[in-house]
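K.L.:
Any chance you could fold what I've pasted below:
(one chain, ligands or ions: 1)
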Amino acid sequence: MEESNKEMLMIQKWLNQHNELYTSATRHPFTLSIRDGSVDLSAFKRWLGQDYIFVRAFVPFIASLLLKAWKESDDDSDIEVILGGIAALNDEVSWFKREASKWSVSLSSTVPQKANLEYCRFLESLMSPEVDYTVAVTAFWAIEAVYQESYAHCLSDGSKTPEELKETCQRWGNDGFGQYCHTLQNIANRRLEKSPEDIISKAEATLMRVLEYEVEFWNMSRGET
Ligand SMILES: Cc1ncc(CNC=O)c(N)n1
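P.N.:
Just a heads-up that it's a prediction; the model follows:
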């Protein structure tokens, strides 16, 4: 039992250990309501406006990750994977603007909510040069994986996702994005395997915080604050 646990890759082990938290982020009532077709469109619009603000803060985070990879990574292909993420984000910013206009959501007058500000502040803390590449890439994988899992579920067998929301779900739920997340997970696992205990525990704590922030982020769609 201990032997097989040792051989198990770190991320998979953590997802098993923190399965309840992971599930609360990837099977949130908001995305489940998209999947079953009962979604409140004003909740969707709230999410759209808030996520645009988040994505804008995500750009410098990935840029900082690229810098860490360039300085610290033992594998040149990491840079190419992260650069691909930056390219996708460039496209995503344009998509948000088009989608917002489609739904008559004014991005310039959207005010960031508390949960969003806190999540963006957390991202900013991870941009510090003090934060290890291994910790930052683990966070990056987790941030991407929550959206991939959540939105892929909205497209899987038996889903009743409304036609007008399918494009949103495709954006993060498509197979290519799934493959990309898998590559990020492999990078994180490779780094974690070579890391000392203190980095490993920082990465685990960071993963858990990302999942908590993601739950709070989905909660904003309820519009109670
Ligand atoms: C709050 C949040 N978490 C993850 C993502 C997915 N990454 C980039 O788009 C996102 N858009 N928003």
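
K.L.:
Tell me the helix or strand right after the helix or strand of the chain with the lowest mean pLDDT.
P.N.:
The weakest-scoring helix or strand in the chain, judged by mean pLDDT, DSSP states H and E, is helix 2-7 (a mean of 53). Going down the chain from helix 2-7, the next helix or strand is helix 10-17, by DSSP states H and E.

K.L.:
quick one: that following helix to chain centroid distance?
P.N.:
17 Å (C-alpha atoms, centre = their mean, to the nearest Å).

K.L.:
Now do whichever helix or strand comes after it: which elements does it pack against?
P.N.:
Next helix or strand after helix 10-17 toward the C-terminus (DSSP H and E): helix 19-26. Here helix 19-26 touches helix 133-153, helix 197-219, going by 3 or more C-beta pairs under 8 Å, 6 or more residues apart in numbering; DSSP states H and E. Just so you know, the C-beta spots here come from the backbone N, C-alpha and C atoms, and that holds for glycine as well.

K.L.:
Columns mean pLDDT, distance to the ligand and mean neighbour count on top of these, output as CSV?
P.N.:
Shown next, in CSV, are the helices and strands packed on helix 19-26 (pLDDT from 0 to 100; distance: least, C-beta to the nearest ligand atom, whole Å; neighbours: other C-beta atoms under 10 Å):
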stretch, mean pLDDT, distance to the ligand, mean neighbour count
helix 133-153, 98, 4, 24
helix 197-219, 98, 4, 18
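
K.L.:
Glu92 contacts Arg56, doesn't it?
P.N.:
No: counting by C-beta atoms under 8 Å, Glu92 stays clear of Arg56, with 10.3 Å between them.

K.L.:
Compare those two and say which is more crowded by neighbours.
P.N.:
Taking other C-beta atoms under 10 Å, Glu92 and Arg56 do not tie; Glu92 has more neighbours (19 against 15).

K.L.:
Which residues are in contact with that one?
P.N.:
Val55, Arg171 (C-beta atoms under 8 Å, 6 or more residues apart in numbering).

K.L.:
what do you get for the one 4 residues further on?
P.N.:
By C-beta under 8 Å, 6+ apart, the residues touching Phe96 are Leu48, Asp51, Tyr52, Val55, Leu107.

K.L.:
Many thanks, we can stop here.
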